[in-house]
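[1] Structure for the following, please:
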Amino acid sequence: MTRRIADLLKNGQPDESVKVQGWVRTKRELKEFTFVEVNDGSSLANLQVVLNQDLPDYAIILKQLNTGASLEVEGVLVSSPAKGQRIELKASAVKVYGEADPETYPLQKKRHSFEFLREIGHLRSRTNSFGAVFRVRNACATAIHQFFQERGFIWVHSPIITASDCEGAGEMFAVTSLNLKDVPRTEKQEIDYSKDFFGRPAYLTVSGQLEAEVMAMAFSNVYTFGPTFRAENSNTSRHLAEFWMVEPEMAFCDLEGDMDLAEEFLKYIFKYVLDNCPEDMEFFNQRIDNSVLATAENIINNQFERLTYTDAIALLEKADKQFEYPVSWGLDLQSEHERYLAEELFKKPVIVTDYPAKIKAFYMRLNDDEKTVRAMDILAPKIGEIIGGSQREERLEMLQQRIESMGINATDLWWYLDLRRFGTVPHAGFGLGFERLVQFMTGMGNIRDVIPFPRAPLSVEF
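    Below you'll find the predicted structure:
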């Protein structure tokens with residue numbers, strides 16, 4: 001039976017007969033034997049395989065085993081005399097599945113820039129950095145599901161194609177079956193959507209929140225976890241056109257409960273990753289950002305600071321610091337403001353609440369002052385906003401007024417308003433950008449390096 005290398009490095013014992021499969025990382029030839037480092041993606045560390053000259057077809061196999069080649073090795077585990085490794089595999093049989101020409105294989109034993117590795121996205125996962133990134137990404141996803149499932153939440157598969165713009169941003173990818181070379185027109189020369197697949201404009205979703213609210217009105221506690229899309233022509237290290245979102249929604253919940261769950265949620269994920277990916281996190285701490293482990297401990301071990309937007313603005317106005325963007329009540333917080341609060345002032349995560357209604361979405365519950373809404377953002381050191389959420393507006397008349405004041409077509413949201421007509425309850429939720437979380441956790445400088453196949457302006461390769 002084939003064993004995973006991570007399991008062998010942890011649990012394998014001398015004199016065990018095993019079989020492993022993977023890819024060659026390096027080969028070192030000596031006079032009487034050859035060392036081959038093999039990796040199967042299960043761990044940062046490689047398994048050292050020893051090939052003696054008495055191995056059948058030794059000379060032929062040696063020529064085939066270049067960096068990048070795939071192979072299967074059968075043999076016996078032995079104690080390793082080398083420093084830093086407990087065991088190694090003495091090969092008795094080797095099968096080469098696929099060779100890799102050393103003249104053309106782009107991943108050789110040297111450091112490659114992340115920019116170069118984005119150009120070979122089909123191969124970059126074989127490097128140490130990206131192997132570690134995607135193992136941590138997997139652990140984050142596992143922790144997210146585990147967190148909500150342990151608390152009785154239902155996982156909801158929200159639609160990818162939608163007719164609504166949840167965020168009101170308007171930066172959405174259109175979905176159509178119309179022939180773009182011959183688009184049907186009405187008498188007024190407008191696009192005739194009656195001829196389209198859905199009979200109306202349709203888009204790739206920017207959020208599953210509204211649908212999550214629907215399901216929360218039946219199941220109480222739900223969460224969505226899936227891809228979302230934003231047609232924002234932003235070519236930066238912080239933006240993707242396709243990204244994953246985690247969005248829990250809780251019925252019979254107010255802003256306090258929302259904040260409590262969000263804080264518990266972040267701490268749970270960070271602890272899970274530290275417990276399950278210690279080698280990968282140590283790698284990031286050594287090679288990418290030497291504050292990665294300290295940042296994680298800061299999240300896990302501190303009670304998050306909580307303050308209102310009004311108080312946050314007052315603190316920013318008093319700050320002995322020159323900001324690039326102005327600070328005044330009514331303006332949205334910029335990343336530099338968020339990071340100042342979390343990194344310099346409180347030196348731990350901060351939850352800012354009760355933002356001005358004019359800068360927040362229509363669905364957020366209006367406070368009694370009629371100027372602010374029951375919104376909350378979690379600001380983390382080194383990244384700024386990592387979670388955004390709110391208590392939702394459950395009062396029909398207030399929601400209708402908000403929709404009208406923001407110039408949104410209420411007809412398109414008839415079903416959303418029905419939730420307030422039939423058994424409305426206080427409810428709340430939040431959203432977490434999954435890639436932003438992985439980037440924050442690993443210290444990677446560009447968000448395109450924490451998703452296997454990044455989608456960005458003029459970038460749809462692989």
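[2] those helices in the stretch 1-150 of the chain, which residues are they?
    Per DSSP state H, counting those that start in this stretch, the stretch 1-150 of the chain carries helices over the ranges 5-11, 58-64, 114-119, 128-150.
[3] As a quick check, tell me the outermost residue of this structure.
    Ranked by distance from the centre of the chain (Cα atoms, centre = their mean), the top residue is residue 54, with 48.4 Å.
[4] Tell me how far the spatially closest residue to residue 233 that is not a sequence neighbour lies from residue 117.
    Among residues not flanking residue 233 along the chain, residue 457 sits closest, at 5.4 Å (Cβ to Cβ, 6 or more residues apart in numbering). All C-beta spots, glycine's among them, are computed from the backbone N, C-alpha and C. Here the distance between residue 457 and residue 117 works out to 19 Å (Cβ to Cβ, to the nearest Å).
[5] more neighbours, the two?
    Taking other Cβ atoms under 10 Å, residue 457 and residue 117 do not tie; residue 117 has more neighbours (19 against 13).
[6] any idea which element residue 224 lies in?
    strand 221-229 (DSSP states H and E).
[7] okay, residue 170: pLDDT?
    Listed pLDDT for residue 170 reads 60.
[8] For the residue nearest to residue 233, which residues are in contact?
    By Cβ atoms under 8 Å, 6 or more residues apart in numbering, residue 457 lies in contact with 233, 234, 235, 241.
[9] Contacts only, for the second one.
    Applying Cβ under 8 Å, 6+ apart, one finds that residue 234 lies in contact with residue 457.
[10] Just confirm it is within a helix.
    No - note on residue 234: no helix contains this position according to DSSP: H, G, I helix; E, B strand; the rest coil, which reports coil.
[11] and it, how far is that from residue 240?
    According to Cβ to Cβ, residue 234 stands 9 Å off from residue 240.
[12] The first one now?
    Separation of residue 233 from residue 240 (Cβ to Cβ): 12 Å.
[13] more neighbours, those two?
    Using other Cβ under 10 Å as the criterion, residue 233 and residue 240 rank with residue 240 on top: 23 against 11.
[14] what's the pLDDT at the more buried one?
    Looking at residue 240, its pLDDT is 95.
[15] same thing with the one 4 residues further on?
    At residue 244 the predicted local distance difference test score is 98.
[16] Please apply the same query to the one 5 residues further on.
    Per-residue confidence (pLDDT) for residue 249: 98.
[17] hey, what's it bridged with?
    Beta-bridge pairing of residue 249, defined through DSSP bridges, involves residue 222, residue 429.
[18] Looks like it contacts residue 210 (just checking).
    No - at 9.5 Å, residue 249 does not count as touching residue 210 under the criterion of Cβ atoms under 8 Å.
[19] between those two, which one's more packed in?
    Ranked by neighbour count (other Cβ under 10 Å), residue 249 and residue 210 place residue 249 first, with 31 against 21.
[20] I figured residue 62 was touching residue 30, is that so?
    No - Residue 62 lies out of contact with residue 30 (Cβ under 8 Å); the separation is 11.4 Å.
[21] Now residue 333: phi and psi?
    Per-residue torsions, residue 333: phi -70, psi 140 (degrees, to the nearest 10).
[22] and it, how many neighbours does it have?
    Neighbour count for residue 333, taken as other Cβ under 10 Å: 23.
[23] repeat for residue 62
    17.
[24] Please tell me how far it sits from residue 48.
    Here the distance between residue 62 and residue 48 works out to 16 Å (Cβ to Cβ).
[25] and what of residue 460?
    In terms of Cβ to Cβ, residue 460 sits 40 Å off from residue 48.
[26] who has more neighbours, the two?
    Per other Cβ under 10 Å, whichever of residue 460 and residue 48 has more neighbours is residue 48, with 18 against 11.
[27] so where's the chain shaky on pLDDT?
    Within the chain, the ranges that satisfy pLDDT under 70 run 165-170.
[28] Swap in 80 and give it another go.
    The model of the chain has pLDDT under 80 over residues 109, 164-170.
[29] can you give me the helices for the stretch 351-462 of the chain?
    396-405, 414-421, 434-442.
[30] Of all the ones you listed, which one comes closest to residue 318?
    Nearest to residue 318 among the helices of the stretch 351-462 of the chain is helix 434-442 (27.6 Å), distances taken as Cβ to Cβ.
[31] For residue 17, find the nearest of the helices of the stretch 351-462 of the chain.
    When the helices of the stretch 351-462 of the chain are compared by Cβ to Cβ, helix 434-442 sits nearest residue 17, at 36.9 Å.
[32] hey, C-alpha coordinates of that closest one in CSV?
    Extracted as CSV, the C-alpha positions of helix 434-442 are listed here (Å, rounded to 0.1, in the frame of the first residue of the first chain):
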residue,chain,number,x,y,z
PHE,A,434,-10.9,33.7,2.1
GLU,A,435,-7.8,34.7,0.1
ARG,A,436,-7.3,37.8,2.2
LEU,A,437,-7.3,35.5,5.3
VAL,A,438,-4.7,33.1,3.7
GLN,A,439,-2.6,36.0,2.6
PHE,A,440,-2.7,37.5,6.1
MET,A,441,-1.9,34.1,7.7
THR,A,442,1.1,33.3,5.5
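[33] Buried by neighbour count: which residues of it qualify?
    In terms of neighbour count (16 or more other Cβ atoms under 10 Å), helix 434-442 has its buried residues at 434, 435, 436, 437, 438, 439, 440, 441, 442.
[34] host element of residue 303?
    Of the helices and strands defined by DSSP H and E, none includes residue 303.
[35] For burial, what's the neighbour tally of it?
    Using other Cβ under 10 Å, residue 303 has 9 neighbouring residues.
[36] List the residues that contact it.
    By Cβ under 8 Å, 6+ apart, residue 303 lies in contact with residue 263.
[37] Now it: phi and psi?
    The phi/psi pair for residue 303 (degrees, to the nearest 10) reads phi -80, psi 130.
[38] Okay then, goodbye and thanks.
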